[in-house]
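Asks: coords please:
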Amino acid sequence: MKKLIVVLGMLLAGLSMMAQRSVIDKVIAKVGGELLLLSEVEEQYAYMASENPNLPPEARCNIIDGLMTAKLLLNQAKLDSVEVSDDDVETQLNARIDRILAYMGGDESQFEAYYGQSINEMKEQNREDLRNQIMVERMRSQIMKDVTVTPSEVKQFFQNIPKDSLPYFNSEVEIREIVYKPKVNAEERQKSIDKLTELRRRIVEGGEDFAALAQKFSDDGGSARLGGDLGWAKRGKFVPEFEATAYNLEKDQLSEIVESDFGFHLIQLLERRGNSIHVRHILIKPEITDEDLELAKAHLDSVRTLIVKDSLSFSIAVKRFSDENTQSYNNDGRIVNPATGNTFFEIGDLDPDIYFTIDTMDVGAISDPFEFKDPIGESYFRIVLLQSRTAPHKASLELDYSKIQKAAIEAKKNEFITNWVIDKMEGTFVSFDPAYQSCKALEKWLDKNIRP
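Replies: Now for the predicted structure:
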């Protein structure tokens, strides 16, 4: 767990772990108006060494080359006035802090003990570095937004790979699903409404503090610890029912009870700034009973029976019965592999519940309904269709076109960014510490047209 927290912590520092930066530091390179510090190199080296103790001798040189490229991108982003709003920075800061806290069970004291800083201090220290990191990412995306490959380029890329170097791919499967969310029964639904109605009365009539009640009663763990505060947000961040109400509130106004897919909300508008709002809420989730779960499973089993008997196609069943909030709903039930962006999974990449479900299934078979939980612990049921299964094989255009296409695009992007760097260097002041001028990876930075 400690290693995972360190990895997440690196996200907070943009290009390096500022929280652990030594007070004694020195500039080892300048790229335009940007400075590269020795600590940035050493922090990346230390992290890489923790992942792989056997780093090659040229590792530091390669790190410096990569960081100088990032500095060149940042310098150009500032010249091109690439914009990064305060809201963008705060949103990413909050998301990264929340990811770390999630692995610490939401314990802020553990966070402070581990990093030696409060959350606010960590944010303040890393805010500018994160802004620069976002600028670099946007500059890189802007440079390469039009980089594509044609089918003939993919074919040529594949043909250029030596036959004895072709990768060997494991068995892959393609899976379709129908996901069904259990319905809350009327009694539990009313209990939640009554509970939130009483909380609203305590605030409006009793004058009790909204934040204190949110901390004690809200079922939204992420915001509850902040008194229900959801921070600043633009249109499109919240679910429609929540957003419609929030944007119609006046400053400090308390909403009536609002129902969404997450449960029941009490919303208060704290501030408004143009098209952005700052709100807080109390969420009460109705309890799903064992009976509700059994009814959901039975319902999905009846859907499966209709499909198996050819009374209903799988595609139509997806549109009629699958949960609209799942990614697969708008993809004809096909599950997308987040690691690759396509719909194929190596067996080892599957969630365990799906892996054990399809292990003995034939292609074209549909599973019985089984329960699973989403990332926030909500129960759902799904049935899965095993759409296809490939045998282990050497890479081929016929079976692995999407993978080869992705590799071809990445190769073309790398070549494109290398050429862009060489082109921009000619008009940019570059210098670095003589101690590193023997690095082979840095030879391109010593071009005769660049002032040393």
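
Asks: C-alpha only now, for contacts and for neighbours.
Replies: OK.

Asks: pretty sure residue 259 is touching residue 241, no?
Replies: Yes: counting by C-alpha atoms under 8 Å, residue 259 touches residue 241, with 7.0 Å between them.

Asks: Quick check on those two: which one has the bigger neighbour count.
Replies: More neighbours surround residue 259 than the other of residue 259 and residue 241, with 16 against 13 (other C-alpha atoms under 10 Å).

Asks: and the more buried one, helix, strand or coil?
Replies: What DSSP: H, G, I helix; E, B strand; the rest coil gives for residue 259 is strand.

Asks: can you give me the strands in the chain?
Replies: If DSSP state E is used as the criterion, the strands of the chain fall at 27-31, 34-37, 168-169, 172-180, 229-234, 258-260, 263-273, 276-284, 344-346, 370-373, 379-389, 393-394, 430-432.

Asks: Go through these and name the closest to residue 74.
Replies: Across the strands of the chain, residue 74 has its closest neighbour in strand 34-37 (7.7 Å, C-alpha to C-alpha).

Asks: Which other helices and strands does the closest one contact?
Replies: For strand 34-37, the contact count by 3 or more C-alpha pairs under 8 Å, 6 or more residues apart in numbering; DSSP states H and E identifies strand 27-31, helix 59-79 as packing neighbours.

Asks: can you put the ones you listed in JSON lines and add distance to residue 169?
Replies: Listed next are the helices and strands packed on strand 34-37 as JSON lines, based on distance: least, C-alpha to C-alpha, whole Å:
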{"stretch": "strand 27-31", "distance to residue 169": "42"}
{"stretch": "helix 59-79", "distance to residue 169": "29"}
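
Asks: To residue 91, which of the ones you listed lies closest?
Replies: Nearest to residue 91, of these and by C-alpha to C-alpha, is helix 59-79 at 20.5 Å.

Asks: quick check, distance from the closest one to the centre of its chain.
Replies: Taking C-alpha atoms, centre = their mean, to the nearest Å, one finds helix 59-79 lying 24 Å from the centre of the chain it belongs to.

Asks: and if you look at stretch 212-220?
Replies: Average the C-alpha atoms of stretch 212-220, do the same for its chain, and the two points are 26 Å apart (C-alpha atoms, centre = their mean).

Asks: Give me the contact list for stretch 220-235.
Replies: Defining contact as C-alpha atoms under 8 Å, 6 or more residues apart in numbering, one finds that stretch 220-235 is touched by 87, 98, 106, 210-218, 243, 275-284.

Asks: Selection in ChimeraX covering whichever of those residues are buried, please.
Replies: To isolate the buried members of these in ChimeraX, using 16 or more other C-alpha atoms under 10 Å:
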select :106,210,211,213,214,215,217,218,243,277,278,279,280,281,282,283,284
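
Asks: need the strands of the chain in JSON lines with distance to residue 338, can you?
Replies: Below are the strands of the chain laid out as JSON lines (distance: least, C-alpha to C-alpha, whole Å):
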{"stretch": "strand 27-31", "distance to residue 338": "35"}
{"stretch": "strand 34-37", "distance to residue 338": "34"}
{"stretch": "strand 168-169", "distance to residue 338": "18"}
{"stretch": "strand 172-180", "distance to residue 338": "13"}
{"stretch": "strand 229-234", "distance to residue 338": "26"}
{"stretch": "strand 258-260", "distance to residue 338": "27"}
{"stretch": "strand 263-273", "distance to residue 338": "28"}
{"stretch": "strand 276-284", "distance to residue 338": "29"}
{"stretch": "strand 344-346", "distance to residue 338": "10"}
{"stretch": "strand 370-373", "distance to residue 338": "18"}
{"stretch": "strand 379-389", "distance to residue 338": "18"}
{"stretch": "strand 393-394", "distance to residue 338": "22"}
{"stretch": "strand 430-432", "distance to residue 338": "39"}
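
Asks: okay, now residue 205: neighbour count?
Replies: Neighbour tally, residue 205, other C-alpha under 10 Å: 9.

Asks: Contact partners for it?
Replies: By C-alpha under 8 Å, 6+ apart, residue 205 has no neighbours at all.

Asks: Now do it against residue 410, distance only.
Replies: 61 Å (C-alpha to C-alpha, to the nearest Å).

Asks: and what of residue 38?
Replies: Taking C-alpha to C-alpha, one finds residue 38 at 30 Å from residue 410.

Asks: possible to save the helices and strands packed on strand 34-37 as TSV with mean neighbour count?
Replies: As requested, the helices and strands packed on strand 34-37 are exported to TSV (neighbours: other C-alpha atoms under 10 Å):
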stretch	mean neighbour count
strand 27-31	19
helix 59-79	20
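
Asks: okay, those in CSV with distance to residue 310 and mean pLDDT next?
Replies: Converted to CSV, the helices and strands packed on strand 34-37 look like this (distance: least, C-alpha to C-alpha, whole Å; pLDDT from 0 to 100):
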stretch, distance to residue 310, mean pLDDT
strand 27-31, 66, 93
helix 59-79, 57, 94
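
Asks: so what's residue 402 scoring on pLDDT?
Replies: If you check residue 402, the pLDDT there is 85.

Asks: and the gap between it and residue 414?
Replies: Residue 402 is 18 Å from residue 414, by C-alpha to C-alpha.

Asks: quick one, what contacts residue 154?
Replies: 404-405, 408.

Asks: residues contacting residue 436?
Replies: Residue 436 touches 61, 442, counting by C-alpha under 8 Å, 6+ apart.

Asks: Sorry, wrong one. I was asking about residue 256.
Replies: Here residue 256 is in contact with 266-267 (C-alpha under 8 Å, 6+ apart).

Asks: If we use 6 Å, what do you get?
Replies: The contact partners of residue 256, by C-alpha atoms under 6 Å, 6 or more residues apart in numbering, come to none.

Asks: Torsion angles phi and psi at it?
Replies: Backbone torsions for residue 256, taken as degrees, to the nearest 10, come to phi -70, psi -180.

Asks: So which of the helices and strands packed on strand 34-37 is nearest residue 193?
Replies: helix 59-79 (50.4 Å).

Asks: quick one: that closest one to strand 27-31, angle?
Replies: 40 degrees (axes from the mean of the first three to the mean of the last three C-alpha atoms, to 10 degrees).

Asks: how near is the closest residue in space to residue 73 that isn't next to it in sequence to residue 84?
Replies: Nearest residue to residue 73 in three dimensions, chain neighbours excluded: residue 136, at 5.6 Å (C-alpha to C-alpha, 6 or more residues apart in numbering). Here residue 136 is placed at a distance of 10 Å from residue 84 (C-alpha to C-alpha).

Asks: Settle it for me: which of the two has more neighbours?
Replies: Using other C-alpha under 10 Å as the criterion, residue 136 and residue 84 rank with residue 136 on top: 25 against 13.

Asks: what pLDDT does the more buried one get?
Replies: We have a pLDDT of 95 for residue 136.

Asks: do the same with residue 448
Replies: 39.

Asks: Also residue 202?
Replies: 96.
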